[in-house]
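Engineer: Pasted the sequence and its predicted model underneath.
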Amino acid sequence: MLLALLTTFAASRKEPLVDVVERVHAAIIAAGFGEPQVQFILSDHSIAGGVSSVARVLKRFPHLERFAQNLAPYPGGRETKVITNRTNSETVDFATLVEIARGVPRSFPFNNVGFHFSIPAFSGATALPSGHDERMPGIDVRDSWWVNGRQRSVTALTFVEADPSAKKLPKLPDSVAAIFTACGKVKKTIQVPFATGPVPGPPPERRPVDAASPEVAEAIRALVHNYRMRMSEIVERAQLPHDLPSNQEAAAAGPAGVTAGPKKPELIRNFAPMGYESRGESGTFTLRRRTPNNLTVELLLDVGTWSNLVMAIFRVLGMVNGVGFKATLILPVARRAVSGGQYPIGGPDSWRQIVENLAALVAELDRSFVPAIGPCRIPRRIGTGPIAQSLRSLGRLRRFGVDSNRGFPIGGFRLGHRLAQRSNDCVLQSILESRVEIEQRPEAFHFVASFRNHVVGWQIADWLVDASGGQQWFFGK
């Protein structure tokens, strides 16, 4: 069996990058592997403005101009200036790369620097299958900028033939072990079985089946897929008030260094009238409301802590027969925006337009998507006895302050912590939709509730005894 081993080494950002690069290169030469092929990428920051390290390098090394290009880190993302040979097979004199590494980060404050030392011998003399060129065997040295300073990483990718029945991996050759020693102290090694056959096609769509209600799960999946495919039509139907530019146009037009300022006031102004409450955390906002059918509707906004980009996710959460479900849509902030991509926020006026567009789109989904979820949920029959009649109105218990951090066992039907951590209405709704025929099961009258000496627990106990028509209810810790 062919195993891919990804080894991570301890790396200090205090050590000059050039020292790490030279040490790894020297170890490869000393191990007898010859001059390694070095793939490199030198990337500017994705946010426009400031110093261009690419321009500085090209001014000092004009012969690298053929390696300069604009690349997007992901589809729909903002293109950045990079110098790289990963898109072709050309090589650069290692002395030039050493001089560039010597200038990081003072002379060349790149946002991201990567050097990959390709070492075919790390494949263990095994012919690797075609189509796996993104991560080839060798040593990776990376240095990047983050909000808390420069980040350094050194990793090695090797392949070994292992016996599935063996308890230990085969020992690395001495030459490879010597290179590992030069890389530093091993922190961890991840083992991944590697397919040696032809590269498989795209994985089949993951279709988890809700064992409690497969017909409900299938209906919700079909509804979500339908709306994802028709998102452009839904955006047109929502009649967004502002025709904002595309992601690339907004990134190019936005002045550097301009931010939107406080973001929550605009969210409250637009979404509070729609019944949403807003909660902000570090780089995110969550807007949430509850429907009369006990569905939780959320709009998640990731606005970043420093990137000044926004991504919107719309979710509907609910529960059927004690099993939770989640329907998720990724929303574009404008008609020409890329769905699923991060959109530049810009200044205060741009943020206002983005929020107003999202409010219009969410209002359309509240009118169409959310109500369509309701018919997908197939309620269970619970009878018509006095206990069932009382349980239908258990929503009144919210005013008693039910402790939702505890579980509720009822007649052998246990609502676990995953259920109990939902809001009170979801817990009560699940009791109503449980398969337990409460009024027909004497053992269901044994109700155990844990309230940790809450006085409200006795208020609930008295209310339930009255509601049961004098039936014996037992309460305990």
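Structural biologist: Received the coordinates, thanks.

Engineer: Could you check how many residues crowd around the residue lying closest to S107 once chain neighbours are set aside?
Structural biologist: The shortest distance from S107 to any non-neighbouring residue, by C-beta to C-beta, 6 or more residues apart in numbering, is to R56 (6.8 Å). Backbone N, C-alpha and C define where each C-beta goes, glycine included. The number of residues packed around R56, counting by other C-beta atoms under 10 Å, is 16.

Engineer: Does R56 belong to a helix, a strand or coil?
Structural biologist: When classified by DSSP: H, G, I helix; E, B strand; the rest coil, R56 comes out as helix.

Engineer: So that it lines up with my notes, have the first residue be 38 from now on.
Structural biologist: With the count now opening at 38, the last piece we talked about shows up as R93.

Engineer: Does it touch F145 like I think?
Structural biologist: Yes: in this structure, R93 is within contact of F145 by C-beta atoms under 8 Å, at 5.8 Å.

Engineer: Give me the distance between the residue nearest to S144 and G355.
Structural biologist: Between R93 and G355 the computed distance is 55 Å (C-beta to C-beta, to the nearest Å).

Engineer: do Y380 as well
Structural biologist: Y380 is 29 Å from G355, where distance means C-beta to C-beta.

Engineer: ok, now I367?
Structural biologist: To G355, I367 is 19 Å away according to C-beta to C-beta.

Engineer: what do you get for W183?
Structural biologist: Distance, W183 to G355, using C-beta to C-beta: 38 Å.

Engineer: Those two: who's more crowded?
Structural biologist: When W183 and G355 are compared for neighbours, G355 comes out ahead with 25 against 9, by other C-beta under 10 Å.

Engineer: Name the residues linked to that one by a beta bridge.
Structural biologist: Taking DSSP bridges as the rule, G355 bridges to F362.

Engineer: Next, the buried residues of the helix ranked longest in the chain.
Structural biologist: When the chain is parsed with DSSP state H, its longest helix is helix 385-404. Buried residues in helix 385-404, counted by 16 or more other C-beta atoms under 10 Å: 385, 387-403.

Engineer: Let me know the average pLDDT across stretch 328-338.
Structural biologist: Mean pLDDT, stretch 328-338: 90.

Engineer: Start and end of it, how far apart?
Structural biologist: Distance across stretch 328-338, first residue to last, is 20 Å (C-alpha to C-alpha, to the nearest Å).

Engineer: In that stretch, which residues are buried?
Structural biologist: T328, N331, L332, T333, V334, E335, L336, L337, L338.

Engineer: Narrow those to those in strands?
Structural biologist: T333, V334, E335, L336, L337, L338 (DSSP state E).

Engineer: Can you tell me which of the residues you listed lies closest to P99?
Structural biologist: P99 has its nearest neighbour among these in L338, at 44.5 Å by C-beta to C-beta.

Engineer: For burial, what's the neighbour tally of the nearest residue to G312 once chain neighbours are set aside?
Structural biologist: In this structure, G312 finds its nearest non-sequential neighbour in R326, 4.4 Å apart by C-beta to C-beta, 6+ apart. Using other C-beta under 10 Å, the number of residues around R326 comes to 18.

Engineer: Just say helix, strand or coil for R326.
Structural biologist: Of the three states, R326 takes strand according to three-state DSSP.

Engineer: show me where pLDDT drops low in the stretch 88-237 of the chain?
Structural biologist: Along the stretch 88-237 of the chain, segments meeting pLDDT under 70 span 111-114, 161-172, 230-237.

Engineer: mind listing the strands in it by residue range?
Structural biologist: Assigned by DSSP state E, counting those that start in this stretch, the strands in the stretch 88-237 of the chain fall at 105-108, 117-121, 149-155, 175-183, 186-198, 223-230.

Engineer: how about the ones you listed, which one is nearest A85?
Structural biologist: strand 117-121 (9.3 Å).

Engineer: Can you tell me what sits against the closest one?
Structural biologist: With contact meaning C-beta atoms under 8 Å, 6 or more residues apart in numbering, strand 117-121 is reached by 76-83, 89, 91-92, 94-95, 101, 104-110, 148.

Engineer: Can you select the buried ones from those residues in ChimeraX?
Structural biologist: Selecting only the buried entries of the contacts of strand 117-121 in ChimeraX, with 16+ other C-beta under 10 Å as the criterion:
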select :76,77,78,79,80,81,82,83,89,91,94,95,101,104,148
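
Engineer: Next, the nearest residue to P369 once chain neighbours are set aside: secondary structure please.
Structural biologist: Excluding its sequence neighbours, the residue lying closest to P369 (C-beta to C-beta, 6+ apart) is S376, at 4.3 Å. Classification of S376 using three-state DSSP returns coil.

Engineer: Ramachandran coordinates for S376?
Structural biologist: Here is the backbone geometry of S376 (degrees, to the nearest 10): phi -70, psi 130.

Engineer: hmm, back to that, just put the buried residues of stretch 328-338 in a markdown table and tack on distance to F308.
Structural biologist: What follows is the buried residues of stretch 328-338, written out as a markdown table (distance: C-beta to C-beta, whole Å):
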| residue | distance to F308 |
| --- | --- |
| T328 | 15 |
| N331 | 20 |
| L332 | 17 |
| T333 | 15 |
| V334 | 11 |
| E335 | 11 |
| L336 | 7 |
| L337 | 13 |
| L338 | 10 |
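
Engineer: Just give me the closest of these to I176.
Structural biologist: Among those, and counting by C-beta to C-beta, the member closest to I176 is L337, at 38.5 Å.

Engineer: what sits against K300?
Structural biologist: Contacts of K300 by C-beta under 8 Å, 6+ apart are G317, F322, V340, W388.

Engineer: List phi and psi for it.
Structural biologist: phi -100, psi -30.

Engineer: how far away is it from V347?
Structural biologist: Distance of K300 to V347, given as C-beta to C-beta: 9 Å.

Engineer: shaky segments in the stretch 388-514 of the chain?
Structural biologist: For the stretch 388-514 of the chain, applying pLDDT under 70 flags the ranges 411-514.

Engineer: Do a quick rundown of the helices in this structure.
Structural biologist: Ranges of helices in the chain, per DSSP H, are 54-67, 90-97, 131-139, 211-220, 251-266, 268-275, 284-290, 301-308, 385-404, 406-413, 423-428, 454-457, 461-469, 492-504.

Engineer: want to try a markdown table for these, with distance to D200 as columns?
Structural biologist: What follows is these, written out as a markdown table (distance: least, C-beta to C-beta, whole Å):
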| stretch | distance to D200 |
| --- | --- |
| helix 54-67 | 29 |
| helix 90-97 | 48 |
| helix 131-139 | 38 |
| helix 211-220 | 19 |
| helix 251-266 | 41 |
| helix 268-275 | 50 |
| helix 284-290 | 50 |
| helix 301-308 | 58 |
| helix 385-404 | 54 |
| helix 406-413 | 50 |
| helix 423-428 | 59 |
| helix 454-457 | 40 |
| helix 461-469 | 49 |
| helix 492-504 | 59 |
